[in-house]
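Peer 1: fold the following, please.
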Amino acid sequence: MKSRLFASVATLGLLMLASSPEAAQITFGPSNQSITYTGNGNGSVDIFSPTLTGPAFDTTNAAIGSFSLTGLDFTTAPEVGGLFSIPANSETFTYFNPDTPDTFTQTVHFTEIQDNTPQPKFYGTATTTAISGDAAFLAAFGKVGDSFLIDFTSNVLECHHASDCATLDHLASTQSRADATISAAEDLYVGATTHVSEPISLAMLGTALLGFGVIRRRKA
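Peer 2: Numbering: from 1, shown residues only. The predicted structure is shown next:
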């Protein structure tokens, strides 16, 4: 009985040590507004949108709020290997929950667009410039200056001429336009938000090693 108990404690200790830290995340979309994509005939695409707004979900507190992303306005570089790189740009992303004091604001820099489907995917980085909320929200989403990875997938391109934009790189070879809303997106905190503190982790490690040591002596 004791050997089974020690084995259980040891296994539990190692499993807890092996568990990966989770990251705080805001998922958002669909947007209420569309992004306009315009091909310029030389392999690049002009990207423009008004401020994009819609629902957002805080996966840490299981709370539903809203997001806004200030308008996009840039021209991509020509597509290389399925990616359109994006020049210097700066947008503002805001998450707000009207039922709680939880909110943060970020400066966003989109870096590239992946296009191997009719639903272009944007990738970028974000830096928190302001944050407020309850203790759980602040613990989960860090502090001013912290970094996030942000991405979103648009809905299927709605082309002004259907034959001109099966995908974004196809559109880039024309001078036609297409529109699409944000379909789904995530804003992922780079830092760990749930972790085992050092004293507790050392205690669990000691318990695990003790359990295995006792089991080995019993077998011997």
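Peer 1: please make it C-alpha for all contacts and neighbour counts, starting now.
Peer 2: Fine.
Peer 1: what about Ile150, distance to Ala88?
Peer 2: 16 Å (C-alpha to C-alpha, to the nearest Å).
Peer 1: would you state the helices of the protein in chain order?
Peer 2: 2-18, 135-141, 168-172, 198-219 (DSSP state H).
Peer 1: restrict the second one to CA atoms and write it as PDB.
Peer 2: Included here for helix 135-141 are C-alpha records, laid out as PDB according to Å, rounded to 0.1, in the frame of the first residue of the first chain:
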ATOM      1  CA  ALA A 135      -6.100  41.000 -10.000                       C
ATOM      2  CA  ALA A 136      -6.700  37.900 -12.000                       C
ATOM      3  CA  PHE A 137      -6.700  39.900 -15.300                       C
ATOM      4  CA  LEU A 138      -3.500  41.800 -14.400                       C
ATOM      5  CA  ALA A 139      -1.800  38.600 -13.300                       C
ATOM      6  CA  ALA A 140      -2.700  36.900 -16.600                       C
ATOM      7  CA  PHE A 141      -2.000  39.700 -19.100                       C
END
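Peer 1: could you pull out the buried residues of it?
Peer 2: Phe137, Leu138, Ala140, Phe141 (16 or more other C-alpha atoms under 10 Å).
Peer 1: is it true that the second one touches Ser132?
Peer 2: If I follow you right, that is Leu138. Yes: contact criterion C-alpha atoms under 8 Å: Leu138 and Ser132 qualify, at 6.8 Å.
Peer 1: any chance of the buried residues of helix 135-141 in a markdown table, with distance to Leu157 and pLDDT too?
Peer 2: Formatted as a markdown table, the buried residues of helix 135-141 follow (distance: C-alpha to C-alpha, whole Å; pLDDT from 0 to 100):
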| residue | distance to Leu157 | pLDDT |
| --- | --- | --- |
| Phe137 | 36 | 92 |
| Leu138 | 37 | 92 |
| Ala140 | 35 | 92 |
| Phe141 | 33 | 93 |
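Peer 1: Thr76: which of these is nearest?
Peer 2: Distance ranking of the buried residues of helix 135-141 against Thr76, using C-alpha to C-alpha, places Phe141 first at 30.9 Å.
Peer 1: need the nearest residue in space to that closest one, chain neighbours excluded.
Peer 2: Leaving aside its sequence neighbours, Phe141 sits nearest to Ala24 (C-alpha to C-alpha, 6 or more residues apart in numbering; 5.9 Å).
Peer 1: tell me where the model's unsure across this structure.
Peer 2: Within the chain, the ranges that satisfy pLDDT under 70 run 1-22, 162-164, 192-220.
Peer 1: any chance you could map the strands in it?
Peer 2: Listed in chain order, the strands of the chain (DSSP state E) span 25-28, 34-39, 45-48, 52-58, 63-69, 73-75, 83-85, 91-96, 103-114, 121-132, 147-154, 158-159, 177-189.
Peer 1: still on that earlier bit, higher neighbour count, Ile150 and Ala88?
Peer 2: Regarding Ile150 and Ala88, a neighbour count based on other C-alpha atoms under 10 Å identifies Ile150 as having more, with 22 against 10.
Peer 1: excluding covalently adjacent residues, which one is nearest to that one?
Peer 2: Nearest one to Ile150, counting by C-alpha to C-alpha, 6+ apart, is Asp187 at 4.4 Å.
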